[in-house]
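Trainee: Fold the following.
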Amino acid sequence: MANSCLQLSGFLISCLGWVGIVIATATNDWVVMCKYGVNTCKKMDELSVKGPWAECVISTALYHCVTLTQILDLPAYIQTTRALMITGSILGLPAVGLVLMSMPCISLGNEPQSSKNKRSVLGGVLILLVAMCGVVSTVWFPIGAHHEHGLMSFGFSLYAGWVGAIFCLLGGSFIACCSSESYSSRSYQDNNRFYYSKQGGANPPATSSTNHAKSAHV
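Mentor: Numbers count the residues shown, from 1 in each chain. Here you go, the predicted structure:
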């Protein structure tokens, strides 16, 4: 019962984390760049926000975005962030599906519990991979932007990526640990059941041979 509750909690936390990763991937408010104060930068049209896909300039009466289309000319941290965030967003879908189909309340015919546990472990590992993609991207991007430009503060998208990565890390750990423990305990019970059944099957011949020996002696 405790494993089922932890597995359900891990599934819900992982779903929230995956949504955070998707939001961070789809938006561009990662870092706010400015060399002066906020008001000064707005008046000089130098306050900008940057993400993996575009760089937007914020002024008193203008919000203009320039899409980063020159893929070969982009810095390594932007290209790596794009690749990792897209990979994490795509991996999240099969991961959530695997964990959902391994829930105790869902049964696919006469499927054994060991198969559900293996599927749950695989889903947990995929969610951990999503978390690692989010962690590397959300840590490397602001560092690279700081070295390339003047970094002033973090944006909403970066916070969403951090929260999503942490949630995926916690949820994937819960799912993988609970499923692996339940799988080991199940295998141990099956081995004990086989051992006792084997011992029980060996007892009747011994009893019959003893009775035969007593009748021969009489």
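
Trainee: From Phe11, how far out is the residue nearest the centre of the chain?
Mentor: Per CA atoms, centre = their mean, the C-alpha nearest to the average position across the chain is that of Ile127, at 2.0 Å. Per CB to CB, to the nearest Å, Ile127 is found 9 Å from Phe11. Placement of C-beta: from N, CA and C, glycine included.

Trainee: Contact partners for the residue nearest to the centre of the chain?
Mentor: 14, 17-18, 92, 95-96, 99, 168, 171-172, 175 (CB atoms under 8 Å, 6 or more residues apart in numbering).

Trainee: so which of those is the most crowded?
Mentor: The most neighbours of any of those, using other CB atoms under 10 Å, belong to Cys168, which has 33 neighbours.

Trainee: That residue against Gly17, yeah?
Mentor: Yes - contact criterion CB atoms under 8 Å: Cys168 and Gly17 qualify, at 3.6 Å.

Trainee: shared neighbours of these two, anything?
Mentor: With CB under 8 Å, 6+ apart as the test, Cys168 and Gly17 both reach 127, 130-131, 134.

Trainee: Quick one: neighbours of the nearest residue to Glu148 once chain neighbours are set aside, just the number.
Mentor: Nearest non-adjacent residue to Glu148, counting by CB to CB, 6 or more residues apart in numbering: Pro75, 6.3 Å away. By other CB under 10 Å, the residues close to Pro75 number 14.

Trainee: Find me the pLDDT at Pro75, would you?
Mentor: pLDDT, Pro75: 90.

Trainee: how much space between it and Ser59?
Mentor: Relative to Ser59, and taking CB to CB, Pro75 is found at 25 Å.

Trainee: Over to Leu74?
Mentor: With CB to CB as the criterion, Leu74 and Ser59 are 25 Å apart.

Trainee: and if you look at Met101?
Mentor: With CB to CB as the criterion, Met101 and Ser59 are 50 Å apart.

Trainee: At which residues are the strands of this structure located?
Mentor: 31-33, 47-50, 54-58, 63-67, 151-154 (DSSP state E).

Trainee: Need the overlap of contacts for Ile127 and Phe11.
Mentor: 96, 99, 171, 175.

Trainee: tell me which of these is nearest to Thr69?
Mentor: Val96 (31.6 Å; CB to CB).

Trainee: buried set for stretch 106-120?
Mentor: Of the residues in stretch 106-120, 116-120 count as buried by neighbour count, 16 or more other CB atoms under 10 Å.

Trainee: what sits against Trp18?
Mentor: With CB under 8 Å, 6+ apart, Trp18 has these contacts: 89, 92, 95-96, 127, 130, 164, 168.
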